[in-house]
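**Q** Below are the sequence and a predicted model; questions follow.
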Amino acid sequence: MRSKFEEQLAELNDMLVEMGTLIETAIALATQALREQDIELAKKAIAYEQEVDQKEKDIEALCLKLLLRQQPVARDLRLISAAMKMITDMERIGDQAADIAEITIMLAGTPYIKKLEHIPLMAQATVKMVTDSIDAFVKNDLELAHAVIKSDDVVDDLFGKVRSELIALIHADITNGEQALDFLMIAKYFERIGDHAVNIAEWVVFSITGRNAKG
């Protein structure tokens with residue numbers, strides 16, 4: 001009985017990695033689309049949202065099966081509960097990648113008011129946070145989970161730089177305002193992706209220690 005349970009836990013890990021790969025790809029496509037003003041790439045990023053949603057449902061179904069059909073001990077209960085919380089954050093990351101892509105489509109065909117510098121760096125940092133948070137769960141790596149939580153400061157600092165630059169552009173020329181707000185919204189979505197990655201890492205900490213990472 002326990003061996004079957006272990007097999008299903010391994011399947012859960014595999015599915016979480018697959019969902020992680022989907023959202024990482026969606027973020028990468030949305031970022032590339034933004035940088036190159038490529039509508040087709042943006043549409044591909046948006047298309048990933050449905051796959052992410054389906055994967056969330058599949059993982060949730062497996063978690064419920066594990067809870068109902070097996071006899072999980074306390075450590076297993078924490079792990080399964082954490083996985084169910086994690087997929088909610090992962091699904092929202094997929095939504096935010098799609099939101100970035102949708103704004104990119106609206107911006108297509110219009111010259112950018114500035115060269116993109118810090119926003120791609122935010123994208124790179126958040127993808128790493130997402131990847132590492134899921135790896136931390138699969139590998140039962142407490143140190144990696146804490147590293148993800150700490151790295152949120154990098155994303156927050158980059159967001160502050162983007163905001164300051166955009167405010168300066170609006171002050172310099174009010175006609176920059178509309179596009180500046182679009183870029184600010186994109187940066188905010190990346191910041192939120194980082195926040196969701198932190199949430200995932202905090203659930204990893206809980207699954208391993210039984211304690212809240214903030215405690």
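**A** Received the coordinates, thanks. Residues are numbered from 1 along each chain as shown.

**Q** Correct me if wrong: Ala145 contacts Val204.
**A** Yes. Taking CB atoms under 8 Å as the definition, Ala145 is a contact partner of Val204 at 4.1 Å. C-betas here are computed from N, CA, C, even on glycine.

**Q** quick one: which of these two has more around it?
**A** Neighbours of Ala145 and Val204, each counted by other CB atoms under 10 Å, are more numerous for Val204; the result is 31 against 27.

**Q** Helix or strand: which one has that one?
**A** Under the criterion of DSSP states H and E, Val204 resides in helix 177-209.

**Q** If you count neighbours, what's buried in that helix?
**A** Neighbour counts over helix 177-209 (16 or more other CB atoms under 10 Å) mark 179-180, 182-184, 186-208 as buried.

**Q** Gly48 and Ala26 touch, don't they?
**A** Actually, residue 48 is Tyr rather than Gly. Yes. Using CB under 8 Å as the test, Tyr48 is close enough to Ala26 to be in contact (3.9 Å).

**Q** Common neighbours of these two, please.
**A** Residues within reach of Tyr48 and of Ala26 at once, by CB atoms under 8 Å, 6 or more residues apart in numbering, are Gly94, Ala97, Ala98.

**Q** ok, back up a step: which residue of Tyr48 and Ala26 possesses the greater neighbour count?
**A** Taking neighbours as other CB under 10 Å, Tyr48 and Ala26 compare with Ala26 leading, 27 against 21.

**Q** Tell me who's in contact with the more buried one.
**A** By CB under 8 Å, 6+ apart, the residues touching Ala26 are Ala45, Tyr48, Glu49, Val52, Ile93, Gly94, Ala97, Ala98, Ala101.

**Q** As TSV, those residues with pLDDT, distance to Asp141 and secondary structure would be great.
**A** Supplementary listing: those in TSV, determined by pLDDT from 0 to 100; distance: CB to CB, whole Å; DSSP: H, G, I helix; E, B strand; the rest coil:
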residue	pLDDT	distance to Asp141	secondary structure
Ala45	97	29	helix
Tyr48	96	26	helix
Glu49	94	29	helix
Val52	97	24	helix
Ile93	97	20	helix
Gly94	97	24	helix
Ala97	97	25	helix
Ala98	97	29	helix
Ala101	98	31	helix
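
**Q** coming back round to it: among the shared contacts of Tyr48 and Ala26, who's most crowded?
**A** Going through these with other CB under 10 Å as the criterion, the one with the most neighbours is Ala97, at 31 neighbours.

**Q** Any regions of the protein where pLDDT drops low?
**A** Confidence mapping of the chain against pLDDT under 70 gives the ranges 1-2, 70, 213-215.

**Q** Going along the chain, name the helices of it.
**A** According to DSSP state H, the chain carries its helices in the segments 2-36, 39-69, 74-107, 118-139, 142-172, 177-209.

**Q** what angle separates the last one from helix 118-139?
**A** Looking back up the chat, that one is helix 177-209. Taking axes from the mean of the first three to the mean of the last three CA atoms, to 10 degrees, one finds that helix 177-209 is oriented at 20 degrees with respect to helix 118-139.

**Q** try the second one
**A** Compare the direction of helix 39-69 with that of helix 118-139 by the same axes, to 10 degrees and you get 20 degrees.
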